[in-house]
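Engineer: Give me a 3D structure for the following:
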Amino acid sequence: MKESFVSLTLDTASALRAGAFGNATHLLCRECGATRQLGPHYACSECFGPLEVAYDFGQVTREQITAGPRNIWRYKALLPVPDDIESSPNLEPGFTRLLNARNLAAELGLARLWVKDDSTNPTNSFKDRVVACALSAARELGSRVFACPSTGNLANAVAAAGARAGIPTVVFIPSNLETPKQVNSAVFTESLVAVEGTYDDVNKLASEIAGEDPGWAFVNVNVRPFYAEGSKTLGYEIAEQLGWRLPDQIVIPVASGSQLTKVHKAFQELIALGLVEDKPYKVFGAQADGCSPVASAFKAGVDAIRPVKPDTIAKSLAIGNPADGIYVLDVARQTGGGVEQVGDDEIRAGIVLLARHEGIFTETAGGTTVAVLKKLVETGQLDPAAETVIINTGHGLKTLDAVAGSVGPRATIAPTYDAFTAAGIA
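Structural biologist: Got it, this is the predicted structure:
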């Protein structure tokens, strides 16, 4: 066991080293507003509502940010991490490209479209961002095991980050997860645990383990408030890469819903700090028909999320009881956006559409986002004249099976010129 990663149970903020969580000051209940000291807490002791990180940022300037490294730590003043975070071994994710998607925009009839392509992160998904923040929290809290329940991408990121940091990892996945995602986790850790059941079953097991052994840091359970803050860096980067301004509308895939709500939080923080101009923007969520509890609630005009049993090829979005679902509804309604859903065939078509127009091979979550973008345009929910951003959260090599039956050789020919011309390819 690494000496720097001994087992501790921290019940008081006084046990933390000075500056352990940077400018973060406390945890705040998103329901009743009660506060709690920084630590391995994720539920309010007053109303059992979810906790999130609150800050006293002081003054943060564009110059301070741009002087930082070309990864998420350029925003460390806005995250619950120490000022010396760069000295801790980590995957250094972030500052991925924002691609001007002119070809896809023309195909869909949009004036300006950008793709925030997080498939180029170290383990090829946005999860490297959130895991980096969770890893910092686990280290500061003295946890002895770094773990997660996952639909795949998170397992990859946790296993790789733990390997890089020299920390024992255990990752739990549904047993029917796509084979590439299983291999991408198992190559980094010997403790990949396949659980019979859905992601919600896996998450329940993780919560039970976390409750019994405080030495385990489950990134999306008992250190979830810190983990979730990593998604804000997507919002920060989009604004910075657009020249320190916000887009008019953005489409984000919804699994737990945390990414969407934290991108919105990032935009609001940038406005409050005077780093971008205050302006209206619309936030849209994207779900798959086979797991669309948030889209269903949005369309029904209700606040309660009715859990569902997932049945979709978009397994990375297959969370039937999304923790942040009600907050996704709040953001969508407050900004004048929405939450839409598409079927598996549309998801496959979305993957191919992005690949053949922009050279980006996305996984099923990205296919869902592209397909929802297309549907939003066709149904008039999204303004084609407004500047739009979509988020590609992961690489298509993780979900090859989704399109394996849809793409392939156009023709099989003999190695002769006559055979080539007869095939009618040219």
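Engineer: Give me the neighbour count for Asn71.
Structural biologist: 23 (other CB atoms under 10 Å). To be clear about C-beta, it is placed using only N, CA and C from the backbone, and glycine gets the same treatment.
Engineer: I meant Asp345, not that one.
Structural biologist: 12.
Engineer: Now do the same for it: helix, strand or coil?
Structural biologist: helix (DSSP: H, G, I helix; E, B strand; the rest coil).
Engineer: Quick one, grab the pLDDT at it.
Structural biologist: Looking at Asp345, its pLDDT is 97.
Engineer: what do you get for Glu340?
Structural biologist: Glu340 carries a pLDDT value of 98.
Engineer: which residues touch it?
Structural biologist: Neighbouring residues of Glu340 by CB atoms under 8 Å, 6 or more residues apart in numbering: 284-287, 295, 372, 375-376, 379, 381.
Engineer: wouldn't Leu376 be in contact with Gly338 here?
Structural biologist: Yes - using CB atoms under 8 Å, Leu376 makes contact with Gly338 at a distance of 7.5 Å.
Engineer: what touches both of those two?
Structural biologist: Residues touching both Leu376 and Gly338 (CB under 8 Å, 6+ apart): Phe284.
Engineer: ok so Gln341 is a strand residue?
Structural biologist: Yes - membership of Gln341 in a strand is supported by three-state DSSP.
Engineer: Tell me the spacing between it and Leu382.
Structural biologist: For Gln341, the distance to Leu382 (CB to CB, to the nearest Å) stands at 15 Å.
Engineer: Out of the contacts of Glu340, flag the one nearest to Ile319.
Structural biologist: Gln287 (9.8 Å; CB to CB).
Engineer: next one: phi and psi at the closest one?
Structural biologist: Backbone torsions for Gln287, taken as degrees, to the nearest 10, come to phi -130, psi 160.
Engineer: okay, now it: neighbour count?
Structural biologist: 32.
Engineer: got it, and Thr189?
Structural biologist: When neighbours are counted by other CB under 10 Å, Thr189 comes out with 21.
Engineer: Leaving out the residues flanking it, which one is nearest to it?
Structural biologist: Of all residues beyond its chain neighbours, the one nearest Thr189 is Ala159 (4.0 Å), with distances taken as CB to CB, 6 or more residues apart in numbering.
Engineer: Next one: the residue of the chain most remote from its centre from Ser143, what distance?
Structural biologist: Distance from the C-alpha centroid of the chain, by CA atoms, centre = their mean, peaks at Asp418 (50.3 Å). With distances taken as CB to CB, Asp418 is found 67 Å from Ser143.
Engineer: can you give me the strands in the stretch 51-200 of the chain?
Structural biologist: Here the stretch 51-200 of the chain has its strands, by DSSP state E, counting those that start in this stretch, at 51-55, 98-100, 112-117, 145-149, 169-174, 192-195.
Engineer: so where does the residue farthest from the centre of the chain fall, helix or strand?
Structural biologist: Using DSSP states H and E, Asp418 falls within helix 417-422.
Engineer: hang on, the earlier thing: reformat the strands of the stretch 51-200 of the chain into a markdown table and put mean pLDDT, distance to Val81 and mean neighbour count next to each item.
Structural biologist: Putting the strands of the stretch 51-200 of the chain into a markdown table (pLDDT from 0 to 100; distance: least, CB to CB, whole Å; neighbours: other CB atoms under 10 Å) gives the following:
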| stretch | mean pLDDT | distance to Val81 | mean neighbour count |
| --- | --- | --- | --- |
| strand 51-55 | 98 | 11 | 20 |
| strand 98-100 | 98 | 23 | 15 |
| strand 112-117 | 98 | 22 | 22 |
| strand 145-149 | 96 | 16 | 27 |
| strand 169-174 | 96 | 19 | 24 |
| strand 192-195 | 96 | 27 | 18 |
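Engineer: Tell me which of those strands sits nearest to Pro310.
Structural biologist: strand 169-174 (9.3 Å).
Engineer: And the closest one, what does it pack against?
Structural biologist: strand 145-149, helix 153-165, helix 179-186, strand 192-195, helix 199-212 (3 or more CB pairs under 8 Å, 6 or more residues apart in numbering; DSSP states H and E).
Engineer: Restricting to C-alpha, output it in CSV.
Structural biologist: The C-alpha trace of strand 169-174 is given here as CSV (Å, rounded to 0.1, in the frame of the first residue of the first chain):
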residue,chain,number,x,y,z
THR,A,169,-9.0,0.2,-7.5
VAL,A,170,-12.1,-1.9,-7.6
VAL,A,171,-14.7,-1.2,-10.3
PHE,A,172,-18.2,-2.7,-10.5
ILE,A,173,-20.1,-3.0,-13.8
PRO,A,174,-23.3,-4.7,-15.0
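Engineer: Could you list the paired strands of that strand along with their orientation?
Structural biologist: strand 145-149 (parallel), strand 192-195 (parallel) (DSSP bridges).
Engineer: who touches the shortest one?
Structural biologist: The set of residues external to strand 192-195 that reach it, using CB under 8 Å, 6+ apart, is 155, 159, 170-175, 177, 182, 185-186, 201-202, 205.
Engineer: can you do 7 Å?
Structural biologist: Residues from elsewhere that reach strand 192-195 (CB atoms under 7 Å, 6 or more residues apart in numbering): 170-175, 182, 185-186, 201-202, 205.
Engineer: can you list the contacts of Glu340 in JSON lines and add secondary structure?
Structural biologist: Formatted as JSON lines, those follow (three-state DSSP):
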{"residue": "Phe284", "secondary structure": "strand"}
{"residue": "Gly285", "secondary structure": "strand"}
{"residue": "Ala286", "secondary structure": "strand"}
{"residue": "Gln287", "secondary structure": "strand"}
{"residue": "Ala295", "secondary structure": "helix"}
{"residue": "Val372", "secondary structure": "helix"}
{"residue": "Lys375", "secondary structure": "helix"}
{"residue": "Leu376", "secondary structure": "helix"}
{"residue": "Thr379", "secondary structure": "coil"}
{"residue": "Gln381", "secondary structure": "coil"}
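Engineer: Point out where the stretch 301-426 of the chain drops to low pLDDT.
Structural biologist: Within the stretch 301-426 of the chain, not a single segment meets pLDDT under 70.
Engineer: Contacts only, for Glu277.
Structural biologist: Per CB under 7 Å, 6+ apart, neighbours of Glu277: Arg245.
Engineer: so it is in which element?
Structural biologist: Using DSSP H and E, no helix or strand contains Glu277.
Engineer: gap between it and Pro409?
Structural biologist: From Glu277 across to Pro409, the span is 51 Å (CB to CB).
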